[in-house]
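Peer 1: My questions are about this predicted structure, shown below with the sequence.
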Amino acid sequence: MVEEVDVKKLILQALGARMKAYAPYSKYQVGAALLSAKGRVYPGCNVENASYGGTVCAERVAFFRAIQEGEREFRAIAIVGGRANEKIEDFAYPCGICRQVMSEFCREDFLIIVAKDADDYQVHTLGELLPHGFLL
Ligand code: THU
């Protein structure tokens, strides 16, 4: 339920995480803030690599931090992305690999909030963005 999540606060935390992005190759900076069921927030930023293939998205950095801390249940993630030194003009939707990682730990009602700023955002569910995801 989106009413149970402080959406604006989570977006501000994603914007803060984006400031830490390491994106010298694409110059596209992404920030994510993952809210666990316990109410803790795990920030993540994209971390690029000269090999390109070694790059990890902001969303997965947030998830893997949380998992390493013992978390297993999540309510929502806020995501912001855009080119360095430019105003955020578009919603940054999570890539397919990140959606798949979310499906490993989250139910269909997990909230995915994509934002340009704290007042301009869209709320989706994982079920909407990854229908018929692969599960073993
Ligand atoms: N990126 C993310 O951090 N999350 C996504 O869901 C899509 C893409 C990053 C990876 C790379 O550093 C940059 O955005 C451009 O693809």
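Peer 2: Alright, I've got the coordinates.

Peer 1: Looks like A33 contacts A78 (just checking).
Peer 2: Yes: with contact defined as Cβ atoms under 8 Å, A33 reaches A78; the gap is 4.8 Å. From N, CA and C alone the C-beta is placed, and that goes for glycine too.

Peer 1: shared neighbours of those two, anything?
Peer 2: L10, I11, Q13, A14 (Cβ atoms under 8 Å, 6 or more residues apart in numbering).

Peer 1: So which of these wins on neighbours?
Peer 2: Within the shared contacts of A33 and A78, neighbour counts (other Cβ atoms under 10 Å) peak at A14, which reaches 32 neighbours.

Peer 1: Look at that one and tell me its secondary structure.
Peer 2: Judged by DSSP: H, G, I helix; E, B strand; the rest coil, the three-state class of A14 is helix.

Peer 1: what residues are up against it?
Peer 2: Neighbour list for A14: G31, A32, A33, P43, A78, I79, V80, A115 [criterion: Cβ under 8 Å, 6+ apart].
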